[in-house]
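*Asks:* Next input, structure requested:
(one chain, ligands or ions: 3)
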Amino acid sequence: MTFSQIVTYSPAYTVVPTYECFNRCTYCNFRADPEHNTWLSLTAAEATLKTLRSRGVIEILVLSGEVHPHSSYRAAWFQRIFDLCDLARSLGFLPHTNAGVLSFAEMERLKAVNVSMGLMLEQVTPTLLETVHRYAPSKIPEVRSQQLAWAGELHIPFTTGLLLGIGETERDRIDTLEAIARSHDRWGHIQEVILQPYSPGHNETRGSSAFQIDAIVDMITIARKILPESICLQIPPNLIPTPELLIACLAAGARDLGGISPHDEVNPDYPHPKIAELELLLSEAGWTLTPRLPVYPQYDQWLSPGLRAVTAKFRNQTPAGVEMPKNSFTC
Ligand SMILES: O=c1nc2n(C[C@H](O)[C@H](O)[C@H](O)CO)c3cc(O)ccc3cc-2c(=O)[nH]1
Ligand SMILES: C[C@H]1O[C@@H](n2cnc3c(N)ncnc32)[C@H](O)[C@@H]1O
Ligand code: SF4
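*Replies:* Ligands and ions are numbered 1, 2, ... in the order given. Predicted structure coming up:
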């Protein structure tokens, strides 16, 4: 009998409240200038969300550009994000928000309408504030580390990660992983860590060369040594160029392929593979691709009663609901 190991993904759809952003990360293919964009209306979002019910979508990833914390539009921006999450929740989906840097009060309010939230730590080295993050105050390492701590304090199941190949050294990557491990050690709230290779696209301000993708395997090995076993390692399959490399990533300890949606809003030049194609290539190498929810089972008790009820309904319906054995690398 052959033994098949499990690799997970989240059937997702990305809702973008706004592409406008006051930061200018040089690698970003997502942002638009504030004056050139409008915000997503609740009516338009509702029409789209209703078409997703029958298509197997579970997670609504609310991914946003950012309005400056001191802007007079900040409150309206936040309210739109909250309302979009609440709408998705009321239609039976499980929202996961990554809207960049938030205040403690904003995070606390979003907890009521999200099953988990996320923010990439990117890299903790301050040297990037002179290069890729020169015009990106939201990427100040202390500010992002503080977000991780607040999420922990608020008992928000959290996703974070590293953006690789933006000018950091190997030592910087280890420092970033150690910072995540320390935060988790204090609060126990990090459900997964994304290892995201910087991938150039057609819409960024200053193109640079991509992360040397073969190095992702060593990166996974290092991350697996630094992070506790309960933290799942996520890699984006659309940014891994060959099936062989994807399988090597799993062999090194990656166990999740993230949200798979019709369109990758962050990396629009790299479409997500079709689930059926992924299933096939993984099964040929002895892996079983299984859907999961955007909240990992060990955090269900942190959810508000309403969200816990919707989550429980999914756990009873899908293979992702099965609590997996607590062996090595289990998500
Ligand atoms: O399709 C994508 N999903 C992205 N996701 C979605 C992610 O894969 C899932 O939402 C989580 O695994 C929760 O299920 C992110 C979520 C975060 O919290 C932080 C960063 C990202 C980045 C991406 C991304 O670049 N592309
Ligand atoms: C939402 C997350 O997407 C990541 N991100 C932003 N731009 C790119 C890119 N060109 N390639 C890969 N990841 C990117 C950042 O890590 C951000 O925090
Ligand atoms: S990566 Fe996020 S913070 Fe940076 S410019 Fe793009 S949308 Fe803004």
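*Asks:* Residue 193 belongs to a strand, doesn't it?
*Replies:* Yes - using DSSP: H, G, I helix; E, B strand; the rest coil, the assignment for residue 193 is a strand.
*Asks:* these two touch, right, it and residue 233?
*Replies:* Yes - using CB atoms under 8 Å, residue 193 is in contact with residue 233, at 5.9 Å. Heads up, the C-betas are built off the backbone N, CA and C, glycines and all.
*Asks:* neighbour count winner among these two?
*Replies:* residue 193 (26 against 23; other CB atoms under 10 Å).
*Asks:* Next one: that one from residue 284, what distance?
*Replies:* 27 Å (CB to CB, to the nearest Å).
*Asks:* now swap in residue 298 and tell me
*Replies:* 31 Å.
*Asks:* same deal with residue 266?
*Replies:* Taking CB to CB as the measure, residue 266 falls 29 Å from residue 284.
*Asks:* Show me which of these two is the more surrounded one.
*Replies:* residue 266 (18 against 10).
*Asks:* I'd guessed that one sits against residue 31; true?
*Replies:* No - Residue 266 is beyond contact range of residue 31, at 10.4 Å (criterion: CB under 8 Å).
*Asks:* shared neighbours of those two, which are they?
*Replies:* With contacts taken as CB atoms under 8 Å, 6 or more residues apart in numbering, residue 266 and residue 31 have no neighbour in common.
*Asks:* For this protein, which residue gets nearest to ligand 1?
*Replies:* Minimum separation of the chain from ligand 1 (CB to the nearest ligand atom) falls at residue 118, amounting to 1.7 Å.
*Asks:* Which residue, other than its chain neighbours, is closest to that residue?
*Replies:* Of all residues not flanking residue 118 in the chain, residue 159 sits nearest, at 3.6 Å (CB to CB, 6 or more residues apart in numbering).
*Asks:* got the CA positions of the strand or helix carrying the one you found in PDB?
*Replies:* In the assignment (DSSP states H and E), residue 159 maps to strand 158-164. Backbone C-alpha positions of strand 158-164 (Å, rounded to 0.1, in the frame of the first residue of the first chain) are rendered in PDB as follows:
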ATOM      1  CA  PHE A 158      -2.500  35.100  12.100                       C
ATOM      2  CA  THR A 159      -0.800  34.500   8.800                       C
ATOM      3  CA  THR A 160       2.600  36.200   8.200                       C
ATOM      4  CA  GLY A 161       5.600  35.600   6.100                       C
ATOM      5  CA  LEU A 162       8.800  36.700   4.300                       C
ATOM      6  CA  LEU A 163       9.100  38.400   1.000                       C
ATOM      7  CA  LEU A 164      12.300  36.900  -0.500                       C
END
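*Asks:* residues in contact with it?
*Replies:* Strand 158-164 is contacted from outside by 27, 96, 98, 116-123, 148, 151-152, 173, 176-177, 180, 189-198, 211, 215-216, 219, 234, using CB under 8 Å, 6+ apart.
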